[in-house]
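Asks: below: sequence and its predicted model.
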Amino acid sequence: MPLQTIVTWLMTLTMSLASPVIACPAPMADPERPLAITQATEIRSQVAYERLVHNRGITLQWLWSDNLGRLQVTNLVGFVSLAGSQVNQHGAVHLQGDVVSIDNKGFAFRGTILIEDAPEPGRRCERTGDFYFKASGTRRFWRLQQMQSCDHFTDYVDIYY
């Protein structure tokens, strides 16, 4: 069985064991443009990697909550994957994919970010591709750098450590 198939199966299994409030939907990648990880995650900073593994959660600024969403980190034979979400009465953000590289400034992520019903009911913003999360100054989180997306909104997706 190919490694990517095993990783996908394990991610699905892991998320199915999680609470339904935080579970991500099925993989959202565009079948016309598959995003394949062809090499193991490049870990340039062990400290940053440990921060990611022991993260405190994920947030989207529109969800107005002190409760962080849950972000699961999986390392299978050197391939680091992320899957998680924040969901409440104001909407949801889901994130699923792979960490391409990580260093002391941030990490490159390849996967899908889906925002639903935030900040407006009925809104759906799904993006699949390569993204970068960066920590700035003394902040204790990485912020998605590609903030402008599907429409006129600016979405702050943060991963806290």
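Replies: All right, it came through fine.
Asks: okay, which residue is most central for the protein?
Replies: Central residue of the chain (Cα atoms, centre = their mean): Leu95, 3.4 Å from the mean position.
Asks: ok so that one is a strand residue?
Replies: Yes. Per DSSP: H, G, I helix; E, B strand; the rest coil, Leu95 lies within a strand segment.
Asks: quick one: the nearest residue to it once chain neighbours are set aside from Gly78, how far?
Replies: Once flanking residues are discounted, Leu95 sits nearest to Ile113: 5.3 Å by Cβ to Cβ, 6 or more residues apart in numbering. From N, CA and C alone the C-beta is placed, and that goes for glycine too. Going from Ile113 to Gly78 by Cβ to Cβ, to the nearest Å gives 24 Å.
Asks: with neighbour numbers in mind, choose between those two.
Replies: Ile113 (24 against 11; other Cβ atoms under 10 Å).
Asks: quickly find the element holding the more buried one.
Replies: strand 106-116 (DSSP states H and E).
Asks: pLDDT weak spots in this protein?
Replies: 1-38 (pLDDT under 70).
Asks: which stretches of it form strands?
Replies: Ranges of strands within the chain are 42-43, 57-60, 70-76, 79-88, 91-102, 106-116, 124-134, 141-144, 157-160, based on DSSP state E.
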